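Engineer: All I have is the shape, not the residue letters:
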């Protein structure tokens, strides 16, 4: 199943978005959970790590029953560096989990909509994903998983503080709700920075495609809650939903504005990006994201001919360096080989 | 006929090159001639200017008889600024002739292969053009014109010094033979500068697309003789022919070398230029020449799909700013209107 997951450029769950403008790419819920009477992962106590690893491996049948999906368990120490890096690029594991190997695992559903990291910062990090703006649905899915696990194993829970976590910033709900957005018009008109500041003031964080510290490559941004204490899951999801709806409205306004200014200069930019994507023989990862962002915006706005199928999300994932190596079935690729293979994949999708 | 000449992007004579690699674009002969007993043009004597103007206007039937072509006479003071500038861009008149208007004229054949400037620096500047490397043919054509004129009017000629000219640098044969070359591979591999220095040392000059002081836009270079005294027309043409053959061989060597290095990086450059030409909505004049040069090189080398018809020379002319305005039938165009129209013309040729 790992091969299937790693080889598929686009996870099943990501395919059925109903957002015609492709502004909201996906919604994600992450629950941090720790088991009662087992030391936190960061204590690095081998016996505790083993216990959690064993619980994780024992969860498969429970999950299959609760969620009626195929699940499998991947031990990270059995994977190659490229495979682990590709899982990070697919957002199935965190960069942190890719580094520490022993007793670290990933439980993943066949459609990729559920990914549970085992022995990351917390014992479990339950993640559920939905295409488009579907936080509520993702949350309900996470609760199904969460309840099924809790029915078998006691979580570390405190009456006043809620779920206990390795890092105090997650105590309470242990929940991080996040939404991934494609905001090219806001970025082009340079209104994005003011918007980000106002979102941060509301207590939400805005990050790039690959989490903290990553730049907003391809004009893709992740917005998520910071607070896990003092607000219920429902309140958090409701507020984030509203914030995202506000961002989408701003992006739409900017797209309209772009069609009212020097339209031809704007269209020229989009068509040039399209021309390069269609004909270039080598494209770097960073350039690909920038060109793909332009192309998707142009298609959303009816300026460029659309992809044969909806492949923006697919290409954003496929063109990442490690995923690309996995996809090319080569363990080592030089930088120019990757650039060449990346350009080839993109050309095929535009042909 | 002026309209026909100005509106046609490509002069008839330029169409039939047999150079498959398009390295030699065209060959040109220019003869400087002055009439006996009339003051040089630079003396600015109105009576002399009038006399020469009248001789020029009287030459049409002589020329028709001698060269069996249609000829017409254009008084430059009757043209608009844009029309005069377009004639310069078509290499039919010099920038100098476009400035001084009264009594200045152009006698031109319908196919554009003969252009005689009247009252430029010299009384007459007889120019003949041929596609490809055909200096001898152009020279023989010039002599037909020259002999026909001399049969009716006496030239200022000195037994020892030869033809007398307004500027001593033209005394002797009064002939400038020049060849226009497209040398992208030499330019890309930066071997062009050493080559230019060695050509200059042989007593020949190398200039850009629009004569002295113009940069080598689109990697197009003009090579011509400097010396008009002490070498016969035949010797000059023979030596220039050999020099050009040498340059062509160097360009071919560089093209081969480009296919032996990092071929994909080179092909990537050409395909990107092709993609931009095919899809951009605005292209500046300078960018157009650079992209067109890449595209033509790629087509010559079998890397890019070829133009529907052989339009490199045509587009190099059409995309010049004034010619473009004339072509668009607009007397005033903003810079972005021109860039837009230029991109449109190029797209049509690639569609």
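Structural biologist: It's in. Only a predicted model underlies this, so the values are computations on that prediction, with no experimental measurement involved. Numbering: from 1, shown residues only, chains lettered A, B, ... in the order given.
Engineer: Mind pulling up the pLDDT for residue A:314?
Structural biologist: Reported pLDDT at residue A:314 in the predicted model: 80.
Engineer: What values do phi and psi take at the residue of the stretch 251-351 of chain A found nearest chain B?
Structural biologist: Residue nearest to chain B within the stretch 251-351 of chain A: residue A:275 (3.1 Å; C-beta to the nearest C-beta). Bear in mind the C-beta positions are built from the backbone N, C-alpha and C, glycine included. Backbone dihedrals for residue A:275, given as degrees, to the nearest 10, come out at phi -60, psi -40.
Engineer: looking at it, it is touching residue B:273, isn't it?
Structural biologist: No. Using C-beta atoms under 8 Å, residue A:275 makes no contact with residue B:273, being 9.4 Å away.
Engineer: rewinding a little: count of residues packed around the residue of the stretch 251-351 of chain A closest to chain B?
Structural biologist: By other C-beta atoms under 10 Å in any protein chain shown, 21 other residues sit near residue A:275.
Engineer: And residue A:208, by the same measure?
Structural biologist: Counted with other C-beta under 10 Å, residue A:208 comes out at 16.
Engineer: Beta-bridge partners for it, please?
Structural biologist: Counting by DSSP bridges, residue A:208 is bridged to residue A:211.
Engineer: what's around residue A:309, how many residues?
Structural biologist: If you count neighbours by other C-beta under 10 Å, residue A:309 ends up with 9.
Engineer: sec struct for the closest residue to residue A:55 other than its chain neighbours, please.
Structural biologist: Among residues not flanking residue A:55 along the chain, residue A:153 sits closest, at 6.0 Å (C-beta to C-beta, 6 or more residues apart in numbering or on different chains). The local conformation at residue A:153, judged by DSSP: H, G, I helix; E, B strand; the rest coil, is coil.
Engineer: Repeat that for residue A:29.
Structural biologist: Using three-state DSSP, the structure places residue A:29 in strand.
Engineer: Which residue does the stretch 51-200 of chain A have closest to chain B?
Structural biologist: Nearest to chain B, among the residues of the stretch 51-200 of chain A, is residue A:188, at 15.9 Å (C-beta to the nearest C-beta).
Engineer: my read: that residue touches residue A:258, true?
Structural biologist: Yes. Between residue A:188 and residue A:258 there is a contact at 6.9 Å, judged by C-beta under 8 Å.
Engineer: more crowded one of these two?
Structural biologist: Under the criterion of other C-beta under 10 Å, the comparison of residue A:188 against residue A:258 puts residue A:258 first, with 22 against 19.
Engineer: leaving aside the residues next to it on the chain, what's closest to that one?
Structural biologist: The shortest distance from residue A:258 to any non-neighbouring residue, by C-beta to C-beta, 6+ apart, is to residue A:266 (5.1 Å).
Engineer: That neighbour: which element?
Structural biologist: Residue A:266 is part of helix A:263-279 when elements are defined by DSSP states H and E.
Engineer: what residues does the stretch 201-350 of chain A put near chain B?
Structural biologist: When proximity is defined by C-beta under 8 Å from any C-beta of the partner chain, the stretch 201-350 of chain A lies next to chain B at A:262, A:264-265, A:267-268, A:271-272, A:274-282, A:336, A:340, A:343.
Engineer: What subset of the residues you listed is buried?
Structural biologist: Buried members of those, counted by 16 or more other C-beta atoms under 10 Å in any protein chain shown: A:264, A:267-268, A:271-272, A:274-282, A:340, A:343.
Engineer: Out of those residues, which two sit at the greatest distance?
Structural biologist: Taking C-beta to C-beta, the two most distant members of these are A:264 and A:340; they sit 32.8 Å apart.
Engineer: ok, residue A:30 - contacts?
Structural biologist: Counting by C-beta atoms under 8 Å, 6 or more residues apart in numbering or on different chains, residue A:30 touches A:125-127, A:142, A:175-178.
Engineer: on that earlier part again, show residues contacting the helix or strand following the helix holding residue A:266.
Structural biologist: Proceeding N to C from helix A:263-279, the next assigned helix or strand is helix A:285-300, under DSSP H and E. Identification of contacts with helix A:285-300 by C-beta under 8 Å, 6+ apart yields A:20-23, A:182, A:184-185, A:209, A:217-220, A:255, A:267, A:269-271, A:273-274, A:276-277, A:283, A:304-307, A:312, A:315-316, A:319-321, A:338, A:342, A:346.
Engineer: I figured the residue nearest to residue A:258 hits residue A:257, correct?
Structural biologist: No. At 9.9 Å, residue A:266 and residue A:257 do not qualify as touching, with contact defined as C-beta under 8 Å.
Engineer: In terms of neighbours, single out the busier of the two.
Structural biologist: Using other C-beta under 10 Å, the more surrounded residue of residue A:266 and residue A:257 is residue A:266, with 21 against 14.
Engineer: For the stretch 1-150 of chain A, which residues are neighbours of chain B?
Structural biologist: Within the stretch 1-150 of chain A, not a single residue sits near chain B (C-beta under 8 Å from any C-beta).
Engineer: For residue A:93, see how far away residue A:81 is.
Structural biologist: From residue A:81 across to residue A:93, the span is 13 Å (C-beta to C-beta, to the nearest Å).
Engineer: among the contacts of residue A:30, which are in strands?
Structural biologist: Within those, residues falling in strands by DSSP state E are A:125-127, A:175-178.
Engineer: Could you export the residues you listed as CSV, including neighbour count and pLDDT?
Structural biologist: Formatted as CSV, those follow (neighbours: other C-beta atoms under 10 Å in any protein chain shown; pLDDT from 0 to 100):
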residue, neighbour count, pLDDT
A:125, 24, 96
A:126, 23, 97
A:127, 25, 96
A:175, 25, 97
A:176, 20, 96
A:177, 26, 97
A:178, 23, 95
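Engineer: and stretch A:154-162, how far apart are its ends?
Structural biologist: Chord length of stretch A:154-162, first to last residue, is 13 Å (C-alpha to C-alpha, to the nearest Å).
Engineer: Now tell me what touches it from outside.
Structural biologist: A:33-37, A:163-164, A:171-174, A:228-229.
Engineer: Of these, keep whichever come out buried.
Structural biologist: Listed as buried from the contacts of stretch A:154-162 are A:33-35, A:163-164, A:171-174, A:228; burial here means 16+ other C-beta under 10 Å.
Engineer: mind listing which of these are in strands?
Structural biologist: Using DSSP E, the subset of the buried ones among the contacts of stretch A:154-162 located in strands is A:33, A:163.
Engineer: least trustworthy position among the buried ones among the contacts of stretch A:154-162, going by pLDDT?
Structural biologist: pLDDT across the buried ones among the contacts of stretch A:154-162 is lowest for residue A:228, at 91.
Engineer: need the contact list for residue A:133.
Structural biologist: By C-beta under 8 Å, 6+ apart, the neighbours of residue A:133 are A:19, A:24, A:27, A:179, A:241, A:244-245, A:248.
Engineer: ah, wrong one, I meant residue A:197
Structural biologist: With contact set as C-beta under 8 Å, 6+ apart, residue A:197 has no partners.
Engineer: So what sits opposite the residue nearest to residue A:57 when sequence neighbours are not counted in the bridge?
Structural biologist: Using C-beta to C-beta, 6+ apart and skipping residues adjacent in sequence, the residue nearest residue A:57 is residue A:73, 5.5 Å away. Residue A:73 forms beta bridges with residue A:107, as assigned by DSSP bridges.
Engineer: For residue A:166, see how far away residue A:73 is.
Structural biologist: For residue A:73, the distance to residue A:166 - C-beta to C-beta - is 22 Å.
Engineer: again, but for residue A:54
Structural biologist: Taken as C-beta to C-beta, the spacing of residue A:54 relative to residue A:166 amounts to 19 Å.
Engineer: Fine by me, thanks again.
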